[in-house]
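1. only the shape, not the letters, is given here:
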């Protein structure tokens, strides 16, 4: 029998924790939250987006520590209902990014497909090396590392985007959201509670397996005490915790209104995509914002319906 690697064992432990009853998970959450809070002598904050997951996180943290501050970054792309909800929450610090969305996409590029694919396309568009371009499109042996390259490869269905008449980049989230939080941490010395979960994406799952819920030894120490929660847990907690009414308007998740990350997955599932829903829920924003930021032309190029 082949012995499991440390990573495989952590994967098994994560699955076991995800299968526990919610009451047990809440007790585990509490232990991790207390450990994080006491380790930093109470110099902590909740990264609060006004979305459902971070709302639940803030509620659970303040059940333990009522005075913990929430920090909200107003990127200028939040739904009006999210802003309305955040204003009802006490003890919230409001931040703004250094650059607005329009300057971000003009300088670095648009958030298209996914962060990983957008990064790979950006690297393709900005390299002069034919070898690197080939590796980005099809992978293979990388002579610079003497290894086979499988990460950072653009999926075939997205190859057409390398010749797009617009810039593509993964930088949007970093500039609009992460940098304001990092500046706040440098100013205050506080460390973050973040409401992400392993079920959100493979990168988030890998992060939990690598560093655990309380990532003390990561390059950017962060606590993710909800990492082992599932969508079913969120649905159960949603019934007892106040949240933004945007979730009662057909939206399963929120974020920047004009973000195109994950859009292809919505299309594959045969659902109304976020821009079709935006036309129904916020017709004025849909009518004005899409052409103002060039989103309509990008969606046309990608063949994505939005009206």
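-> That came in fine, so what should we check first? Keep in mind that what you see is a predicted model, and the values were worked out from it rather than measured. Residues are numbered from 1 along each chain as shown.

2. give me the contacts around stretch 208-224.
-> If you take CB atoms under 8 Å, 6 or more residues apart in numbering as the criterion, stretch 208-224 is touched by 7, 10-11, 14, 32-33, 35-36, 39, 44, 182, 191-198, 207, 225, 227-228. Glycine gets a C-beta too; all of them are placed from N, C-alpha and C.

3. buried residues of it, list them for me.
-> By 16 or more other CB atoms under 10 Å, the buried positions in stretch 208-224 come out as 208-209, 211-215, 221-224.

4. span of it from start to end?
-> Length of stretch 208-224, first residue to last, CA to CA, to the nearest Å: 8 Å.

5. most widely separated two among the buried residues of stretch 208-224?
-> Spatially, the most separated pair among the buried residues of stretch 208-224 is 209 and 221, at 17.0 Å (CB to CB).

6. re earlier: in helices, which of the buried residues of stretch 208-224 fall?
-> When the buried residues of stretch 208-224 are checked against helices (DSSP state H), the matches are 208-209, 211.

7. so the closest residue to residue 17 other than its chain neighbours, which of the three states?
-> Once flanking residues are discounted, residue 17 sits nearest to residue 228: 3.9 Å by CB to CB, 6 or more residues apart in numbering. Three-state call for residue 228 (DSSP: H, G, I helix; E, B strand; the rest coil): coil.

8. what is the burial count for residue 228?
-> 25 (other CB atoms under 10 Å).

9. now the strands for the stretch 201-307 of the chain?
-> With DSSP state E, counting those that start in this stretch as the criterion, the stretch 201-307 of the chain has strands at 214-215, 222-223, 260-261.

10. which of those strands sits closest to residue 144?
-> Here strand 260-261 is closest among the strands of the stretch 201-307 of the chain (CB to CB), at 28.4 Å.

11. sheet-wise, list the partners of the closest one with their directions.
-> Within its sheet, strand 260-261 is paired with strand 112-113 (parallel), according to DSSP bridges.

12. next one: the strand it pairs with to chain centre, how far?
-> 13 Å (CA atoms, centre = their mean, to the nearest Å).

13. list the contacts of it.
-> Contacts for strand 112-113 (CB under 8 Å, 6+ apart): 118, 121, 158, 161, 168, 260-261, 263-264, 298, 302.

14. give me the mean pLDDT for that strand.
-> On average, the pLDDT along strand 112-113 is 96.

15. so after it, what's the next helix or strand?
-> helix 115-125 (DSSP states H and E).

16. elements contacting that following helix?
-> Helix 115-125 sits against strand 112-113, helix 130-138, with contacts defined as 3 or more CB pairs under 8 Å, 6 or more residues apart in numbering; DSSP states H and E.

17. what do you get if the cut-off is 6 Å, keeping everything else the same?
-> helix 130-138 (3 or more CB pairs under 6 Å, 6 or more residues apart in numbering; DSSP states H and E).

18. who's in contact with the helix it packs on?
-> With CB atoms under 6 Å, 6 or more residues apart in numbering as the test, helix 130-138 has contacts from 120, 124, 142, 149, 154.

19. chain center to that helix: distance?
-> 27 Å.

20. so which bits of stretch 180-188 are buried?
-> So for stretch 180-188, counting by 16+ other CB under 10 Å, buried means 180-181, 184-185.

21. possible to save those as JSON lines with pLDDT, distance to residue 280 and secondary structure?
-> Below are the buried residues of stretch 180-188 laid out as JSON lines (pLDDT from 0 to 100; distance: CB to CB, whole Å; DSSP: H, G, I helix; E, B strand; the rest coil):
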{"residue": "180", "pLDDT": "98", "distance to residue 280": "31", "secondary structure": "helix"}
{"residue": "181", "pLDDT": "98", "distance to residue 280": "32", "secondary structure": "helix"}
{"residue": "184", "pLDDT": "98", "distance to residue 280": "36", "secondary structure": "helix"}
{"residue": "185", "pLDDT": "98", "distance to residue 280": "39", "secondary structure": "helix"}
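
22. so which of those is the closest to residue 238?
-> residue 181 (24.8 Å).

23. who are the packing partners of the longest helix along the chain?
-> Ranked by residue count and defined by DSSP H, the top helix of the chain is helix 22-39. Contact here means 3+ CB pairs under 6 Å, 6+ apart; on that basis helix 22-39 packs against strand 214-215.

24. right, I'll leave it there.
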